[in-house]
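>>> Build me a model:
(6 chains, ligands or ions: 5)
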Amino acid sequence: MSPTQKRRFTIVAIILLGVGLATFLALRAFQENIEYFLTPKQVAAGEFEPGQRYRVAGLVRKGSVSTLDDGVTHRFNVTDCKFDVTVQYTGILPDLFREGQAIVANGAFSDTQTMIAAQVLAKHDENYVPNEAADAMMLAQANACDDATDSVSY
Amino acid sequence: MNPFVTVWDFFGRLYHRLASPREFYKISRFTTPVFGLLFLLLTAAGTYLGLFVAPADYQQGDSFRIIYVHVPSAWLSLFIYMVMATAGAIGLIWRMKMAYVVVICSAPIGAAFTALALITGSLWGAPIWGTWWEWDARLTSELILLFLYLGAMALYYAFDDRKTGERATAVLAVVGVVIVPIIHYSVEWWSSLHQGATVFRAGGPAMPSSMLTPLLLMALGFTFFYGYCLFLRAQNMVLHNERNSRWVKDLINELE
Amino acid sequence: MTNTFMLYAMREWQLLFRNSSTLAQPLCFFVIIALLFPLSLPAENALLQRIGGGVIWVSAVLATLLSLESMFKPDYHDGALEQWLIQPRSLTLAVVAKVFSQWSATGLILTLFAPVLCLTFRIPVEQIWVLFVGLLLGTPSLTLIGAIGAALTVTLHRGGVLLAIIILPLYIPILIFGAGMVTQSAQGADITGQIYALAAILTLALTLAPFAIVGALRATID
Amino acid sequence: MTNTFMLYAMREWQLLFRNSSTLAQPLCFFVIIALLFPLSLPAENALLQRIGGGVIWVSAVLATLLSLESMFKPDYHDGALEQWLIQPRSLTLAVVAKVFSQWSATGLILTLFAPVLCLTFRIPVEQIWVLFVGLLLGTPSLTLIGAIGAALTVTLHRGGVLLAIIILPLYIPILIFGAGMVTQSAQGADITGQIYALAAILTLALTLAPFAIVGALRATID
Amino acid sequence: MSAHEISAADSHGHCLAANNLACQRGERWLFEGLNLTVSSGTCLHVIGANGSGKTSLLRMLCGISRIDRGDITWQQKNIAGNDDYFSGLAYLGHKDGLKNEFTAAENLEFYQRLNFENDPAKVDEILAEMGILACADLPTFQLSFGQRRRLALARLLLVPRPLWVLDEPFTGIDQAGRNLIERLCVEHLAAGGILILTNHQSLRSGPLKPFLNELEL
Amino acid sequence: MSAHEISAADSHGHCLAANNLACQRGERWLFEGLNLTVSSGTCLHVIGANGSGKTSLLRMLCGISRIDRGDITWQQKNIAGNDDYFSGLAYLGHKDGLKNEFTAAENLEFYQRLNFENDPAKVDEILAEMGILACADLPTFQLSFGQRRRLALARLLLVPRPLWVLDEPFTGIDQAGRNLIERLCVEHLAAGGILILTNHQSLRSGPLKPFLNELEL
Ligand code: HEM
Ligand SMILES: Nc1ncnc2c1ncn2[C@@H]1O[C@H](COP(=O)(O)OP(=O)(O)OP(=O)(O)O)[C@@H](O)[C@H]1O
Ligand SMILES: Nc1ncnc2c1ncn2[C@@H]1O[C@H](COP(=O)(O)OP(=O)(O)OP(=O)(O)O)[C@@H](O)[C@H]1O
Ligand SMILES: [Mg+2]
Ligand SMILES: [Mg+2]
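Residues are numbered from 1 along each chain as shown, chains lettered A, B, ... in the order given. Ligands and ions are numbered 1, 2, ... in the order given. Now for the predicted structure:
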């Protein structure tokens, strides 16, 4: 090889190696959960500190939604189908909020089990379905946890 | 004749024609109106189908129809950046004048589409998610893309010398391209608030064709709009850059 | 090859020690942050402790960003850079050496002193480690990526704002991973994901940025 | 007399707008602080609100300190300063104009934008006022006092650290009064004492610093 | 052009004198016990090898450098803090005092205003006389080396000043420019001005010859 | 001194050529369709008024500036990325590439190491030859203007390079220095080197005459 060829070869080799390693590391990174959510399971195990702020993600437990007397404070359970966290939120819920919907609640724990949420966000999934099929879909969604046997992550 | 050679030859000739500002100008005189027309037809069809024919979504009702603006503009925001980066690389490697023109002319169009994606996304997110902004991976990275577009524009105009500015902008376009895969895969890599892929996903689109057709029509229409704007801007730029050359002077004489 | 690297790196270090304004900046930052932050916030340990990590990360970004302006400009103005361009030595290696020395005078110093700073912010020892590792992985990427912007704007007389506009977007991911790591570890969460992410960014920056910097210099110097 | 002042001040402003790296610094600070602080701290409004005032004051000190280096150096190196020395115009007025423009590009911008920043930190309106008045009284003193250090180190090639060492001790009182004001008003306490103190420092600096700066310049330029 | 007005204002003539001047740089004394007197209509050419202290002497005469020993007078009055002196002095050194960020015209306009005048038309006239009108609106850093030096020299024409102190004024200037500047100097001297300059070539064969005094350092 | 070694290494001679070269600054074309060939043992003196594009041409020839049109070859090979060319080239422009913070000796030592050598004794020798040994340990910003230029020129003596490109090398240099540099150039040319330079005075009457070619821009 001439010196120029040799230099080109080295450069290409370095780039390939570097980009390959970077891809590997990136993929490893995304196997870990980078955005930190507290799972209902962790809450049940008491793995949190009162006063600190957390995000909890999960489904709205079927039949758990209630509104307090003031009309704007809502209580409901967020579940991974196995463990539940009770969330209390004062404010307007997003349009999509309903039983079986995936949501993210943002807040701190007042006592051992109840999260006082400052924010409740609804997660929309990738499915778009015409109105005609709505009832079946809603039913399926609301009963999402029915045949789950173990914790599901959202 | 060997079909491979023929195809190669065709692209070779196309490349050379596009590489020359004068040839490019000739071609674009023809393509610009065609692209404009295609844009009008496709978007008109897409809008009609999307607003009046496509069924409402079971959860979101009619508010899902913002998809027909949001998704095409979001796709284009990524596509245009890829075009810019590719053109930038071509310009830097093969010193092709027209490639720089593509880089410079694409930036504001891309920025506009990015802004549109951000605005429509926010408008959509407010009722659906319950917030118009989160520091979510998809949203943040799309915002970064907007800044990159703006940075590229600012960089180009900062140089007194046009040629230096073109090359500097091309370098920035190439460097910034890492953001594109990050935006695209952000919803898989992070547990994002933004939904995952609906259209291009394993197992086919999660959307009935009555909803999908207008979306694809709109996307195609927007792409032609990009082509239309690009050619229009590039024409102007070529004429300006080459204003001292013979062929432009002849052109002006013809007009007068 | 090592020779070229060492040659330029030694020169940079010598210059840094002679011309302490570059060396002063991170130190200034630290003195100010360590001394003045506690002075100017409500005297409360819990508060300091919670913001410590974020403050240190933001100051790392600031220090890097401000040091970029003087990375290539002096060499451009006194003609040293054009001499490098016409040497039969690898410009890429020269640039890597320059970035390395620049980092050692900002990012590295920041990283090494961060634990001391953490003490004034009363941050617990486990989080000090997290912060340290994060900075060690993150600050070189900051300098590498920033150097591309510095090279792109070296000939401009009004480069300041532009440099920030070009570079800040690219810094945000690093900051999010780096600072996020500290916050999460305070909540007792796992941080391997962020470490991998920062490492990935670093490897990518290390392999590609030097070529981009050289390309930028060749594109702009005239 | 006003003429001399206006002449130099106009020139400085023109330069600042041309050479945005000076103008960029406080802007950089603000973008970084407004964007990156919330990104890199635990997302909590109450936390941001409590540290907002302190963060803004520290950034004002930092911005001023970092801008001092480029206050007289460029004019010294390109020979403009020696031309000023041999003009039959008052050098004191020139210096006052320079300090004023420098302040308007750092302290004033910081002061004017601080309310905006306060909004991203969700600071209540009464405290925004306190912060605003404090900065308005404090930042001119910062620049005036800092300019003495800048003039003393203008000919030095290793002036950076020295400048910080000379100047920082003099800044601490201003910072204590200024930032203390915000904390106290958040607690509902009276702040007239601090306002008087800041005003006293400012008057003193305004009357004495210009002469000190001119003396320092004449002593060092050769 | 402008030089004529000086003589009208000061027909009695000017006089710059240095007594027993000394200059120390580091540990070395560059010169000691230097005496000189320059009066209206004379040109003092300071000669010396590189590093012999020409620039240092000129800067002392302009009151920029500290005087290590001796004193300098203008019309028998010490120059320190002497406004009369400084309103009569124009100095151009190796550093040109031009701002890269400004255009050529803006640079000149600033110095014009510094001299209590404001006349953009005159600035253009001067730029034209120096042959750099075409560059009037270019930022100074885009000028060629010689154009930059011409711009610096253009300051001399802004207002008439009896004393010109020029450190290697012909650096980077082409032959036409050199002739121009020599002509301007001659006009200045003929009108009763004083010129102190350094230059590495002898001036004895040029148009300045009739006014020439040499001082070897 | 060093120049003799070139001829030993390359008895076959060198050749730098430019074909149809053009340079655009702003909207103006400074020159177009410029052809030139310089071969071993010749000196090309680029002549032109201020702002005519001499510096721009020299920087193109050194591969620093972008070439707007045309091409430049060294031994029939294009100079872009041509290591052979760059190991044979020494360039000194208006900017001297010296670091103010370093001493004179340190500055030279860096450039020596850049040239794959490390010999402090030789650095001192070169400083002595250029007449600035006394300043070896002064920080460069304390040097007089001419001493600084001498230091920049001292780089030419570090290692023998067949092609010297010098932009106004005599700026700020006194008569003795000028003679010295002319002598060095003559030695360089006599040993088969190539010299391309600009200067505002004609070189026809100096020692470079026998080698001289002129190019008017
Ligand atoms: C500010 C907020 C938003 C931003 C910045 C944003 C950004 C984007 C971007 C960049 C894409 C293209 C991704 C790719 O092609 O890889 C995209 C696609 C999409 N977005 Fe959004 N979006 C936002 C809000 C929303 C909301 C609220 C919804 C609906 C709930 C939504 C639904 C979609 C859909 C359906 C796609 C197409 C996915 C596919 O590729 O199949 N977006 N968005
Ligand atoms: N970016 C630019 N835009 C417009 N004009 C420019 C630019 N850069 C340089 N120029 C002009 O290019 C011309 C060539 O400058 P160059 O330095 O090559 O001249 P030169 O022949 O070396 O002159 P000198 O004898 O003064 O050194 C000058 O007239 C200068 O003003
Ligand atoms: N701080 C200092 N310490 C020691 N020596 C110094 C210092 N400053 C300058 N010198 C020396 O003083 C001498 C005088 O410099 P000056 O600039 O006056 O010379 P000059 O006659 O103008 O030379 P030139 O022809 O090169 O312009 C030089 O030898 C320089 O090295
Ligand atoms: Mg001198
Ligand atoms: Mg030149």
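
>>> and the residue of chain A found nearest ligand 5, what is it in contact with?
Relative to ligand 5, the nearest point of chain A is residue A:4 (33.6 Å; C-beta to the ion). In this view, the C-beta of every residue, glycine as well, is placed from N, C-alpha and C. For residue A:4, the contact set (C-beta atoms under 8 Å, 6 or more residues apart in numbering or on different chains) comprises residue F:83.

>>> Could you do residue C:117 as well?
Neighbour list for residue C:117: C:30, C:33-34, C:52, C:56 [criterion: C-beta under 8 Å, 6+ apart].

>>> before we move on, back to that, any chance of the backbone angles for the residue of chain A closest to ligand 5?
Torsion angles at residue A:4 (phi, psi; degrees, to the nearest 10) stand at phi -60, psi -50.

>>> right, is stretch E:86-102 up against ligand 2?
No. Using C-beta under 6 Å from any ligand atom, stretch E:86-102 stays clear of ligand 2, coming no nearer than 12.4 Å.

>>> Between the two ends of that stretch, how far is it?
Distance across stretch E:86-102, first residue to last, is 25 Å (C-alpha to C-alpha, to the nearest Å).

>>> what about that stretch, average pLDDT?
Mean per-residue pLDDT for stretch E:86-102: 92.

>>> quick one: is that stretch near ligand 4?
No. Using C-beta under 5 Å from the ion, stretch E:86-102 never reaches ligand 4; the gap is at least 6.1 Å.

>>> distance of the closest residue to residue A:52 other than its chain neighbours from residue B:137?
Excluding the flanking residues, the one nearest residue A:52 by C-beta to C-beta, 6 or more residues apart in numbering or on different chains is residue C:187, at 5.7 Å. Using C-beta to C-beta, to the nearest Å, residue C:187 is found at 19 Å from residue B:137.

>>> Looking at the two, which is more packed in?
Between residue C:187 and residue B:137, residue B:137 has the larger neighbour count (other C-beta atoms under 10 Å in any protein chain shown), namely 24 against 16.

>>> give the contact list for the more buried one.
Residue B:137 makes contact with A:35, B:186-187, B:189-190, B:192, B:194, according to C-beta under 8 Å, 6+ apart.

>>> Residue 90: neighbouring residues, count only.
Picking chain A for this. Close neighbours of residue A:90, defined as other C-beta under 10 Å, add up to 12.

>>> oops, I was thinking of chain E
Neighbourhood size, residue E:90 [other C-beta under 10 Å]: 24.

>>> Helices of chain E, residue ranges please.
Assigned helices in chain E, in chain order: E:3-9, E:54-61, E:83-86, E:104-114, E:120-129, E:145-154, E:175-190 (criterion: DSSP state H).

>>> PyMOL command to pick out the buried ones of the contacts of residue B:137?
Applying 16 or more other C-beta atoms under 10 Å in any protein chain shown to the contacts of residue B:137, the buried members can be selected in PyMOL as follows:
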select buried, (chain A and resi 35) or (chain B and resi 186+187+189+190+192+194)
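
>>> ok, now how distant is whichever residue of the stretch 151-256 of chain B sits closest to chain E from chain D?
Scanning the stretch 151-256 of chain B for the residue nearest chain E gives residue B:160, at 7.1 Å (criterion: C-beta to the nearest C-beta). Residue B:160 is 12 Å from chain D, where distance means C-beta to the nearest C-beta, to the nearest Å.

>>> Now do the contacts for that residue.
By C-beta under 8 Å, 6+ apart, residue B:160 lies in contact with E:139, E:142, F:26.

>>> Mind listing what's buried along whichever helix or strand residue C:55 is part of?
If you go by DSSP states H and E, residue C:55 is part of helix C:45-77. By 16+ other C-beta under 10 Å, the buried positions in helix C:45-77 come out as C:47-76.

>>> That one near chain D anywhere?
Yes. Interface with chain D: helix C:45-77 contributes C:47, C:50-51, C:53-54, C:57-58, C:61-62, C:65-66, C:69 (C-beta under 8 Å from any C-beta of the partner chain).

>>> ok, then the element right after that helix?
Heading C-terminal from helix C:45-77 (DSSP H and E), you reach helix C:80-85.

>>> which helices and strands sit right next to that following helix?
Judged by 3 or more C-beta pairs under 8 Å, 6 or more residues apart in numbering or on different chains; DSSP states H and E, the packing partners of helix C:80-85 are helix C:45-77, helix C:91-105, helix C:192-220.

>>> Residues contacting that helix, please?
Against helix C:80-85 from outside (C-beta under 8 Å, 6+ apart): C:72, C:74-76, C:91, C:94, C:154, C:217-218, C:221, F:59, F:62-64, F:91, F:93, F:95, F:97-99, F:111.

>>> Just the C-alphas of it, formatted as CSV.
Provided in CSV are the C-alpha atoms of helix C:80-85 (Å, rounded to 0.1, in the frame of the first residue of the first chain):
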residue,chain,number,x,y,z
ALA,C,80,-0.2,30.1,13.3
LEU,C,81,-3.2,28.2,11.9
GLU,C,82,-2.3,28.9,8.3
GLN,C,83,1.2,27.6,9.1
TRP,C,84,-0.4,24.4,10.4
LEU,C,85,-2.5,24.1,7.2
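
>>> related to what we said a few turns ago, quick one, phi psi at the residue nearest to residue A:52?
Main-chain dihedrals, residue C:187, degrees, to the nearest 10: phi -90, psi 0.

>>> Give me the distance between the residue in chain E positioned nearest to chain D and residue D:78.
Proximity of chain E to chain D (C-beta to the nearest C-beta) peaks at residue E:95, 2.8 Å away. Distance from residue E:95 to residue D:78, counting by C-beta to C-beta: 6 Å.

>>> In chain A, what residue lies closest to ligand 4?
For chain A, C-beta to the ion, closest residue to ligand 4: residue A:7, 45.3 Å.

>>> what's the average pLDDT for the strand or helix carrying that residue?
Per DSSP H and E, residue A:7 falls inside helix A:3-31. Helix A:3-31 shows a mean pLDDT of 86.

>>> May I see the buried residues of the following helix or strand past that helix?
Counting by DSSP H and E, the next helix or strand C-terminal to helix A:3-31 is helix A:40-44. Residues of helix A:40-44 classed as buried by neighbour count (16+ other C-beta under 10 Å): A:40, A:42-43.

>>> Does chain F have contacts with the helix or strand hosting residue B:38?
Residue B:38 is part of helix B:21-48, with elements assigned from DSSP H and E. No. Shown here: helix B:21-48 not in contact with chain F (C-beta under 8 Å from any C-beta), separated by at least 14.2 Å.

>>> Just want the angle from whichever helix or strand comes after that helix to helix B:21-48.
Using DSSP H and E, the helix or strand that follows helix B:21-48 towards the C-terminus is helix B:67-94. Angle of helix B:67-94 versus helix B:21-48, following axes from the mean of the first three to the mean of the last three C-alpha atoms, to 10 degrees, is 160 degrees.

>>> quick revisit: where does the residue of chain E closest to chain D sit relative to ligand 1, distance-wise?
From residue E:95 across to ligand 1, the span is 53 Å (C-beta to the nearest ligand atom, to the nearest Å).

>>> show me what contacts that residue?
Listed by C-beta under 8 Å, 6+ apart, the contact partners of residue E:95 are D:77-79, D:82.

>>> For PyMOL, write a command that selects the buried ones of the residues you listed.
To isolate the buried ones among the contacts of residue E:95 in PyMOL, judged by 16+ other C-beta under 10 Å, type:
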select buried, chain D and resi 78+79+82
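
>>> which residues does the residue in chain E sticking out farthest from the centre contact?
Relative to the mean C-alpha coordinate of chain E, counting by C-alpha atoms, centre = their mean, the farthest residue is residue E:27 (28.8 Å). For residue E:27, the contact set (C-beta under 8 Å, 6+ apart) is empty.
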